[in-house]
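A.B. asks: From the sequence below, what's the structure:
(chains A, B, C and D)
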There are 2 protein chains.
Amino acid sequence: MKTGQKSTIHDIARKAGVSPSAVSAALNGSWEKRRLSRTTVERILEVARSENYSVNLQARGLRQARSGLAGMVLPDHENRYFAELSQCFAAEAHARGLCPAIVHAGRDAAEQLRSVESLIAYAVDLVMIAGASDPPALAQACRDAHVAHVFVDHPCAEAPSVVSDNLSGAAELTRRLLSDMAPPEAGDPAGWLYFLGGAAHLPASSERIRGFRAEAGAAGALFDAEAQIRACGYESHRAEAELAALCDRLGRLPAGLFVNSIGCFEGVVRFLGGLSEDAIAACTFGCFDYDPFGTLLRFPLRMVRQRADLIVAEAYRQLDAGASGPRLVRIAPDLL
Amino acid sequence: MKTGQKSTIHDIARKAGVSPSAVSAALNGSWEKRRLSRTTVERILEVARSENYSVNLQARGLRQARSGLAGMVLPDHENRYFAELSQCFAAEAHARGLCPAIVHAGRDAAEQLRSVESLIAYAVDLVMIAGASDPPALAQACRDAHVAHVFVDHPCAEAPSVVSDNLSGAAELTRRLLSDMAPPEAGDPAGWLYFLGGAAHLPASSERIRGFRAEAGAAGALFDAEAQIRACGYESHRAEAELAALCDRLGRLPAGLFVNSIGCFEGVVRFLGGLSEDAIAACTFGCFDYDPFGTLLRFPLRMVRQRADLIVAEAYRQLDAGASGPRLVRIAPDLL
DNA sequence: TACCCTTGCTTCATCGATTGAGCAAGCCCC
DNA sequence: GGGGCTTGCTCAATCGATGAAGCAAGGGTA
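C.D. replies: I've put the predicted structure just below:
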């Protein structure tokens, strides 16, 4: 390596007095199958070590029509849940001897498609897609390229998908909140449980809303779905404004609040900043998401923690199974 | 693409009735230089589109001895600051037409080295390393491979590095906390300002401690450095225990607390959970790190926010400049 | 007519590793 | 001593894209 150039199997071959193919076999472990003698292999390895050789993975990948890269596309990392997903994804990729290539593609469908195509162009061995805006288009691109793919968080109707069990998670949280509250009565809207935040047209939110409806309905606590379910979007300030409007109508905080997502919850906490301890204590809070500071607030908070670890593990299992058709797996989240 | 195989420039060439090199030139934009006629190029592009062609980046990378990959190594993503770093890194890589390959390598030096070598084996065009445990070894590997590299968060003495200005950031936070507190007196340890958390042997913490010492010293508020500076590590439970011990000694919360890192702050908040409002109100809190929930706590908190965006931008600037020798740039953090 | 220049392509080597096919030497056995 | 087997390697094609060099046809010029 004094030459300043990376050494290749040809350099090693020359110095060891063998052919490049012998070097290749010695280095990648196929030497027994190729009947190289142990002494030759040791000589080669010795030279390789002294030359500080490292294989060119692009060349290998080109030859083998694979790359050893594991691709993941996700909107961003600011979200704790996505950060956890990517962390788990990378850990498992690593355990499989793959190199994780993680691309932040935002929420724009075209941008996500370009990211997936770019990963495909690198001949990634698999693709995991989180929070897809237009799942079918991405699935199509992967299918065309014969790349194993799986969706997480936001499912795809035409490909293997692994998501949190939003329905039962929401139902469970709802049940818990209702059991923590005084039994609501039809005539007293301030005593009801409200659902706040999220976008009803997205799968995750819609499932959570279904769970909320079903459970609240079963408990006789759903009096006016229109009023009780306020899917005002995911931005914190929208949630803040929505809650402010609600309090204005009710004359006080409602008895129970099911907040959909940690982002919305930030808005809620901001709003609560202006209220008295007593006013806050009269409300039971739940959030469908997790943040370590959630347990450290001045009021009790039930949180649903999505199991990024289990979701990613199951997603890899789907990839292993080679499934490419539609298949939706739901992973139960934890209630804290 | 009905064949089920990815099409190559050879396929396109055949269908367009030209040579593969003409296809290559047409597709990568060098056709004018190569004097292809516009009509031929258009025919080629038409065929390529209909074949749904996409270039094999491994082949291109092999030929050109580069990959179009931008590599980043970092310990993990659970930390908000690292998450932001990776986010900014990916955004800028993207803007440059590079594909970000982000590897979580943990804190283990050997593991980090393997990750860097792996990226090098993919012929990444640049490497950004955050939170390196053994910077010189990683720098060595990059230098040997002639790969542009830069360190962030944890600097390297032998390579370009960009870090937060921990010294002045800590000094500023210290000054602010002292101005928010009643002037401490030598005889009353409970009235002093304390520094909690971090590892004194790490560059970031040691700089922050220097900043704290200097500022507290200048303000005449450093009475017993040994007692006032408690770099008990980064884990939240260590900080919790340390604070508990301190309160035990003092008989109450100190008048001021400079918490080094958000993780430690979690421990602090946990401890505060057992105290009364009044006890907490008597203490002035600051944290060298940022979390959106920090502003939502029941007591005021000054936070120092590290500018991941500026750090990454400067790091890319160092890469562009082609510097490979030692060079340490400090980026001033924000005080909130 | 001979020469040069431009235009518009093609040919072929190349990047580095892999791998099926093949070859030479040595040994065994009848 | 000839056929067959094993051992231990080498040869050469291959993956797909690139680009330097070259070539043929046509136009212009002397």
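A.B. asks: mind listing what residue A:136 touches?
C.D. replies: A:156, A:157, A:158 (Cβ atoms under 8 Å, 6 or more residues apart in numbering or on different chains). (C-beta placed from N, C-alpha, C; glycine too.)
A.B. asks: Now which of those would you call buried?
C.D. replies: Buried by 16 or more other Cβ atoms under 10 Å in any protein chain shown: A:156, A:158, out of those.
A.B. asks: how about JSON lines for the contacts of residue A:136, with pLDDT and secondary structure added?
C.D. replies: Converted to JSON lines, the contacts of residue A:136 look like this (pLDDT from 0 to 100; DSSP: H, G, I helix; E, B strand; the rest coil):
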{"residue": "A:156", "pLDDT": "95", "secondary structure": "coil"}
{"residue": "A:157", "pLDDT": "94", "secondary structure": "coil"}
{"residue": "A:158", "pLDDT": "94", "secondary structure": "coil"}
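A.B. asks: Is it possible to get TSV of the contacts of residue A:136 that adds distance to DNA strand D?
C.D. replies: Formatted as TSV, these follow (distance: Cβ to the nearest atom of the strand, whole Å):
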residue	distance to DNA strand D
A:156	27
A:157	31
A:158	26
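A.B. asks: Quick check: of the contacts of residue A:136, which lies closest to residue B:266?
C.D. replies: residue A:156 (36.5 Å; Cβ to Cβ).
A.B. asks: what's around the closest residue to the closest one other than its chain neighbours, how many residues?
C.D. replies: Spatially, and ignoring its direct neighbours in sequence, residue A:156 is nearest to residue A:135 (3.3 Å; Cβ to Cβ, 6 or more residues apart in numbering or on different chains). Residues lying near residue A:135 (other Cβ atoms under 10 Å in any protein chain shown) number 21.
A.B. asks: so residue A:135 sits right up against residue A:159, yeah?
C.D. replies: Yes - proximity of residue A:135 to residue A:159 meets the contact threshold set by Cβ atoms under 8 Å, at 7.2 Å.
A.B. asks: what do the two both touch?
C.D. replies: Joint contacts of residue A:135 and residue A:159 (Cβ under 8 Å, 6+ apart) are residue A:151.
A.B. asks: Would you enumerate the residues in contact with the closest residue to residue A:115 other than its chain neighbours?
C.D. replies: Leaving aside its chain neighbours, residue A:115 sits nearest to residue A:105 (4.0 Å; criterion: Cβ to Cβ, 6+ apart). The contact partners of residue A:105, by Cβ under 8 Å, 6+ apart, come to A:73, A:74, A:75, A:111, A:112, A:114, A:115.
A.B. asks: hmm, back to that, list just the nearest of the contacts of residue A:136 to residue A:306.
C.D. replies: Looking across the contacts of residue A:136 and measuring by Cβ to Cβ, the closest to residue A:306 is residue A:156, at 18.2 Å.
A.B. asks: shouldn't that closest one be in contact with residue A:137?
C.D. replies: No - if you go by Cβ under 8 Å, residue A:156 and residue A:137 don't touch, sitting 9.6 Å apart.
A.B. asks: Wait, a strand at residue A:274?
C.D. replies: No - counting by DSSP: H, G, I helix; E, B strand; the rest coil, residue A:274 is not found in a strand; it is coil.
A.B. asks: for it, phi and psi?
C.D. replies: Backbone torsions for residue A:274, taken as degrees, to the nearest 10, come to phi -90, psi 0.
A.B. asks: next one: residue A:333
C.D. replies: phi -80, psi 170.
A.B. asks: which residue sits closest to it, ignoring its sequence neighbours?
C.D. replies: Using Cβ to Cβ, 6+ apart, the closest residue to residue A:333 is residue A:169 (4.3 Å).
A.B. asks: likewise residue A:336?
C.D. replies: Here the residue nearest residue A:336, using Cβ to Cβ, 6+ apart, is residue A:303, at 4.6 Å.
A.B. asks: ok, now residue A:256?
C.D. replies: Nearest to residue A:256 is residue A:193, by Cβ to Cβ, 6+ apart, at 3.5 Å.
A.B. asks: Which pLDDT value goes with the one you found?
C.D. replies: Looking at residue A:193, its pLDDT is 94.
A.B. asks: mind checking how far it is from chain B?
C.D. replies: Applying Cβ to the nearest Cβ, to the nearest Å, the value for residue A:193 to chain B is 23 Å.
A.B. asks: which bits of the stretch 51-200 of chain A sit near DNA strand D?
C.D. replies: Contact residues, the stretch 51-200 of chain A versus DNA strand D (Cβ under 7 Å from any atom of the strand): A:59, A:62, A:63, A:65.
A.B. asks: Nearest residue to the middle of chain A?
C.D. replies: residue A:85 (3.9 Å; Cα atoms, centre = their mean).
A.B. asks: What separation do you get for it and residue A:248?
C.D. replies: Note on residue A:85: its distance to residue A:248, by Cβ to Cβ, to the nearest Å, is 38 Å.
A.B. asks: same thing with residue A:88?
C.D. replies: When Cβ to Cβ is applied, the distance between residue A:88 and residue A:248 equals 42 Å.
A.B. asks: Tell me who's in contact with the residue nearest to residue A:156.
C.D. replies: A:129, A:151, A:154, A:155, A:156, A:157, A:158, A:159, A:161.
A.B. asks: Could I get the phi/psi values of it?
C.D. replies: phi -50, psi -50.
A.B. asks: quick one: it from DNA strand D, how far?
C.D. replies: 27 Å (Cβ to the nearest atom of the strand, to the nearest Å).
A.B. asks: residue ranges of the helices in chain A, please?
C.D. replies: Ranges of helices in chain A, per DSSP state H, are A:9-16, A:20-28, A:38-51, A:57-64, A:80-95, A:109-121, A:135-144, A:166-180, A:203-218, A:225-228, A:236-250, A:262-272, A:277-281, A:308-321.
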